[in-house]
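1. no sequence on this one, just coordinates:
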């Protein structure tokens, strides 16, 4: 399994290096410093099958690497789950790879994978961390500030500090890479109640 996860970390690092940002290079360097990972999956079987199927549709090498390493990925709940109702939190899964509490320990950066179920909406939220998402499978309608666009494999979006953002999926759902830099503490996480909704997409 180390070979599969080593390949995945290398592919994720390559994606982040393509951002041409110092913070992205730092994340890539941190990922590349690890030989791989071994982790027990926490994912419910229905989500596991859905994620595998979605990754298999992608043209990207990083998605193929994620599929090969799937059984070692620590899919679970978002670290900010306490701020979201249990029902809403079940709409997505996060595999935290790099971070203060991740299997790859790094006190100053966070990175991992994100899956959101089909026909759901992760409502407007913001945080102090600077963030990048890169779609690797499926598609999503992404809101970042006043801009909104459909994102498909290979598309990326960068969120500055406290930029409100949201994600809505169609019939496919979405798998993405994500990374945080700057102030990566989760206490700054804010849900913009009254402006948007979490749950099944309209």
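-> Structure's in. What do you need? Given the structure is predicted, the values throughout are model-derived calculations rather than measurements. Residues are numbered from 1 along each chain as shown.
2. what kind of secondary structure is residue 15 in?
-> State at residue 15, reduced to three classes by DSSP: H, G, I helix; E, B strand; the rest coil: helix.
3. quick one, what contacts it?
-> Listed by C-beta atoms under 8 Å, 6 or more residues apart in numbering, the contact partners of residue 15 are 62, 134, 136, 177. (C-beta placed from N, C-alpha, C; glycine too.)
4. Likewise for residue 102?
-> With contacts taken as C-beta under 8 Å, 6+ apart, residue 102 has the following neighbours: 74, 96, 110, 112.
5. Quick check: phi and psi on residue 192?
-> Main-chain torsions, residue 192, degrees, to the nearest 10: phi -90, psi 70.
6. May I ask which helix or strand encompasses the closest residue to it other than its chain neighbours?
-> Distances taken as C-beta to C-beta, 6 or more residues apart in numbering put residue 124 closest to residue 192, at 4.0 Å, once the chain neighbours are dropped. When elements are assigned from DSSP states H and E, residue 124 belongs to strand 120-126.
7. Give the pairing partners of that strand; include direction for each.
-> Each strand paired with strand 120-126, and its direction, by DSSP bridges: strand 165-181 (antiparallel), strand 190-191 (antiparallel), strand 199-200 (antiparallel).
8. strands paired with the helix or strand that it is followed by, and their directions?
-> The helix or strand immediately downstream of strand 120-126 is strand 130-144, counting by DSSP H and E. With DSSP bridges as the test, strand 130-144 is paired with strand 147-151 (antiparallel), strand 156-159 (antiparallel), strand 165-181 (antiparallel).
9. just the ones you listed: most buried one?
-> Using mean count of other C-beta atoms under 10 Å, the stretch among those with the largest mean neighbour count is strand 165-181, at a mean of 22.
10. can you tell me the average pLDDT over that strand?
-> Strand 165-181 shows a mean pLDDT of 97 in the predicted model.
11. now it, how far from the chain's geometric center?
-> Relative to the centre of its chain, strand 165-181 is centred 6 Å away, using C-alpha atoms, centre = their mean, to the nearest Å.
12. ok, now stretch 61-78?
-> The chain centre lies 11 Å from the centre of stretch 61-78; the measure is C-alpha atoms, centre = their mean.
13. And it, what's buried?
-> Of the residues in stretch 61-78, 62-70, 72-75, 77-78 count as buried by neighbour count, 16 or more other C-beta atoms under 10 Å.
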